[in-house]
Each structure stands twice: as C-alpha cells, then as structure tokens.
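Asks: sequence and predicted structure, then a few things I'm wondering about:
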Amino acid sequence: MHSIATFIPSPSNGVWHLGPLPLRAYALGIIIGAMMAIWIGERRFTARGGREGLISDVAIWAIPFGIVGARIYHVITDPELYFGDGRNVIDAVKIWQGGLGIWGAIAGGAVGALIACRRYGVSFSSVAGALAPGLLVAQAIGRIGNYFNQELFGKPTTKPWGLEIDAINRPDGYAQFATFHPTFLYELLWNLAAAALLIAIDRKFKLTGDRAFALYVMLYTAGRFWIEQLRIDPVNDLGPFRLNVWTSIVLFVLATAYFVATRNRTRVDEPATPEPAESE
C-alpha cells in the first residue's frame, strides 16, 4: 500500500527552453496576470460607458513604468545586493536575474497610467477603479512564479499543506526542515478572495474609482501584513517588523483614512471617453 504525500511538492524547474529562448515561469505569470488585469479592467470600464480599448492603451504606458518602478524599489530596499565590496553595480539593472518590488510596481504603474490618462483625456480615478480588482487577480497569478522558483516561502510547518523545498533553496539555519508555509498560496487565495469582495462591495455601494482603488490597497495590505510575517527570506528589518510589513501598515492606514474621508461620494458613471487625438 502506497503512502499518500502530506505536503505540496515543488516543481523541479522554473525555466523551459524553446530552442535558444528561455521561458521563465515567473515572467509567464506576470504576462498572464497583466493580460487578465487588462481584460477585467476593460470589461469594468466599458460597462460604465468608457471607450473600448482605452484600458489597453493605458496599459501600454503603465506596464513598462511599473516594471521600472518595481526594480527601483527592489534595489533601494536591498542595496547590499548591488553596492559595496564585492558587488557589481551593473547587476542593479539586470532585471532578468530577478528582483521586483510590488510597491514600486504599483507606484510606477500609477505614474504611467496618469500620463496615459492625461494623454487620452480620461479620468485617472475611473481607470484606477476599473483596474483595481484585476490588479489583485494579476498579483495572485504572479505568485505562481514564486512557487516554481521555490522562493519567498514561510516558516517551517508540518501541516498537510506544507510546501516541500529543495535543500539548496532553504535559507541558512533551516537545512534540517523540509516543508514550509506556502506563502505564495496564501497570498494567491487572499488576493482572489479580495478581488471578489471588492467587486461585490463596488456593485452594492457604487464606489467612485478612487474609493475602489483605496479599498484595493486596504484589502491587499491587510493580507500582506500577516503573510509577510510568515516569510523567512533575508530582508531588511526596521525595529520589530520587516520593511514590507511597515509599508503595508502605512499604506493601509492612509488608504483607510482616505476611504473614510470620502464616504459621502457617490459614483457618477463616466461618459464615453473621447478617442485619443492623432499625433501631429
């Protein structure tokens, strides 16, 4: 009689080669996630009278700005990886070697989206509100890349859903443990549940776009707060918490304050947005 595995096995490989071209699971997750965010955003935006295709146009600006912002945040928060004795500063721009920060991605993407909204003559608030649930779905899909890379997992656990991690990928001091909290799965499920909750609340209370986006920040940071504290990967700490925990706390407080302060606002459906002006 064969025993049944009481853990989640990890993939042995996160990169596949199509001839000379490497296909990385992490990059594939980001691409699929971005496509889902655009699709969800398009449906929500056009349902409110917005121009079809506008969200895709905005994404052309938001995605590259988001990638740059994500890399900048990573380098700023982990400078010891790129600066100092024995380090090569050039590695800071080698994005293909990994290292992206979600907070930088959101900030950079917002800058790109703001530029696009001004260019196309559409309210940034309406676009942000349309994209909010899709961003949560995109972040959930992106976490699958962490699973394939055997990274960013949590503390050791013997629970049946513990994630098996190869010895080579275990941090110093954890070599004797084989299974760990699958934080990628916790965040994936949290984000999908938060996306569904955001949509339900938006439909019931007809949130303005800015309030929908504030709710997105509140829901995401609430989950990130407790999930981040399970992780054991080496990061910079600030007092009793990891830096990302502090970031979650600050953003949650700011988003909650904004959400409460704007509680009397009601949504006015956006009229069909104008076609973008032709370049001269």
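Replies: Thanks, I have the structure now.
Asks: from Phe241, how far off is Gly99?
Replies: With the distance defined as CB to CB, to the nearest Å, Gly99 ends up 21 Å from Phe241. In this view, the C-beta of every residue, glycine as well, is placed from N, C-alpha and C.
Asks: which one's more surrounded, the two?
Replies: Between Gly99 and Phe241, counted using other CB atoms under 10 Å, Gly99 has the larger neighbour count: 18 against 15.
Asks: now that one. Nearest residue, chain neighbours left out?
Replies: Closest residue in space to Gly99, ignoring its immediate chain neighbours: His74 at 4.3 Å, by CB to CB, 6 or more residues apart in numbering.
Asks: quick one: contacts for the one you found?
Replies: With contacts defined as CB atoms under 8 Å, 6 or more residues apart in numbering, the neighbours of His74 are Gly99, Leu100, Gly101, Gly104.
Asks: so which of the residues you listed belong to helices?
Replies: Among these, DSSP state H puts Gly104 in helices.
Asks: need the worst-confidence member of the contacts of His74.
Replies: pLDDT across the contacts of His74 is lowest for Gly99, at 78.
Asks: can you map out the strands along this protein?
Replies: Defined through DSSP state E, the strands belonging to the chain, from first to last, are 15-18, 21-24, 163-164, 179-180, 237-238, 241-242.
Asks: how far out from the middle of the chain is the last one?
Replies: Spelled out, that is strand 241-242. For strand 241-242, the distance between its averaged C-alpha position and the chain's averaged C-alpha position is 19 Å (CA atoms, centre = their mean, to the nearest Å).
Asks: cool, the fifth one as well?
Replies: The gap between the average C-alpha position of strand 237-238 and the chain average comes to 22 Å, counting by CA atoms, centre = their mean.
Asks: what lies in contact with it?
Replies: The contact list for strand 237-238, computed with CB under 8 Å, 6+ apart, reads Leu243, Trp246.
Asks: what do you get for the first one?
Replies: For strand 15-18, the external contacting residues (CB under 8 Å, 6+ apart) are Pro22, Leu23, Arg24, Ala25.
Asks: Asp210: how many residues sit nearby?
Replies: For Asp210, the tally of surrounding residues (other CB under 10 Å) stands at 19.
Asks: what's the closest of the contacts of His74 to Ile227?
Replies: For Ile227, the closest of the contacts of His74 turns out to be Gly101, at 15.4 Å, with distances computed as CB to CB.
Asks: and for that closest one, the neighbour number?
Replies: When neighbours are counted by other CB under 10 Å, Gly101 registers 22.
Asks: excluding chain neighbours, what is closest to it?
Replies: Excluding its sequence neighbours, the residue lying closest to Gly101 (CB to CB, 6+ apart) is Tyr73, at 3.4 Å.
Asks: check what pLDDT that neighbour gets.
Replies: pLDDT, Tyr73: 89.
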